[in-house]
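**Student:** With the sequence up front, the predicted model follows.
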Amino acid sequence: MPQMNKGGKFIFGKSVVHGDGTVQIPPQAVEEYNITSDKRVYLFTGSKITGGFCVTRKGLLEPSKLGHILAENPELQNYALPYGEFIKYKGRSYCWAGISETGRITLTPSMMEFLNIKPGMELLSIRSSDIAFTMGAKGPLLERAENFEGDIPVF
């Protein structure tokens, strides 16, 4: 998968938000983050510039330097919140969602409204860190991807 410029962010591909709210995570991201292993994922709001949401799982987040997010929000850690209900914590909002064995998640209408995502949008899957990847909805990276001359697969 491409780096759109030397030293730039690594792009796994684009994912279309389907009418039923389903989003297929690119297979390379599924594999690299072993994102389906916990059968649930945590979503949290992306940056102001990129929007969208970031995706991680308990097995990556809990032992990391960001593990305090779960330790200080046991209802999130234990999946006790309703599916897709966001809670605010230190400037970001977090929720949990199910994920299929193939890497498909379903965003409810309220999740899409909260994240300002609409069916038909293409989200750019971007390697963010070793803890999470971003499903970006706007900003310069998406604009650069639109003008990129190479192949960016769509899922």
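**Tutor:** It's in.
**Student:** separation between Ala80 and Tyr42?
**Tutor:** Plainly put, Ala80 is 13 Å away from Tyr42 if you go by C-beta to C-beta, to the nearest Å. For the C-beta atoms, the positions are set from N, CA and C on the backbone; glycine is no exception.
**Student:** These two: who's more crowded?
**Tutor:** More crowded of Ala80 and Tyr42, by other C-beta atoms under 10 Å: Tyr42, with 24 against 10.
**Student:** Who are the packing partners of the helix or strand bottoming out on mean pLDDT in the chain?
**Tutor:** Within the chain, confidence by mean pLDDT, DSSP states H and E is lowest for helix 140-147 among all helices and strands, at a mean of 75. Judged by 3 or more C-beta pairs under 8 Å, 6 or more residues apart in numbering; DSSP states H and E, helix 140-147 is in contact with strand 11-16, strand 122-127.
**Student:** how does it look with 10 Å?
**Tutor:** strand 11-16, strand 122-127, strand 133-136 (3 or more C-beta pairs under 10 Å, 6 or more residues apart in numbering; DSSP states H and E).
**Student:** next one: the last one to chain centre, how far?
**Tutor:** This means strand 133-136. 4 Å (C-alpha atoms, centre = their mean, to the nearest Å).
**Student:** And the second one, by the same measure?
**Tutor:** Remark: strand 122-127 is offset 8 Å from the chain centroid, using C-alpha atoms, centre = their mean.
**Student:** Would you mind checking the average pLDDT for that strand?
**Tutor:** If you average the pLDDT over strand 122-127, you get 94.
**Student:** Measure how it sits relative to helix 140-147, angle-wise.
**Tutor:** Here strand 122-127 runs at an angle of 110 degrees relative to helix 140-147 (axes from the mean of the first three to the mean of the last three C-alpha atoms, to 10 degrees).
**Student:** coming back round to it: identify each buried residue in the least confident helix or strand of the chain, please.
**Tutor:** If you call a residue buried by 16 or more other C-beta atoms under 10 Å, then helix 140-147 has these buried ones: 141-142, 145.
**Student:** any chance of these in JSON lines, with distance to Val23 too?
**Tutor:** Output for those, formatted as JSON lines (distance: C-beta to C-beta, whole Å):
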{"residue": "Leu141", "distance to Val23": "17"}
{"residue": "Leu142", "distance to Val23": "15"}
{"residue": "Ala145", "distance to Val23": "16"}
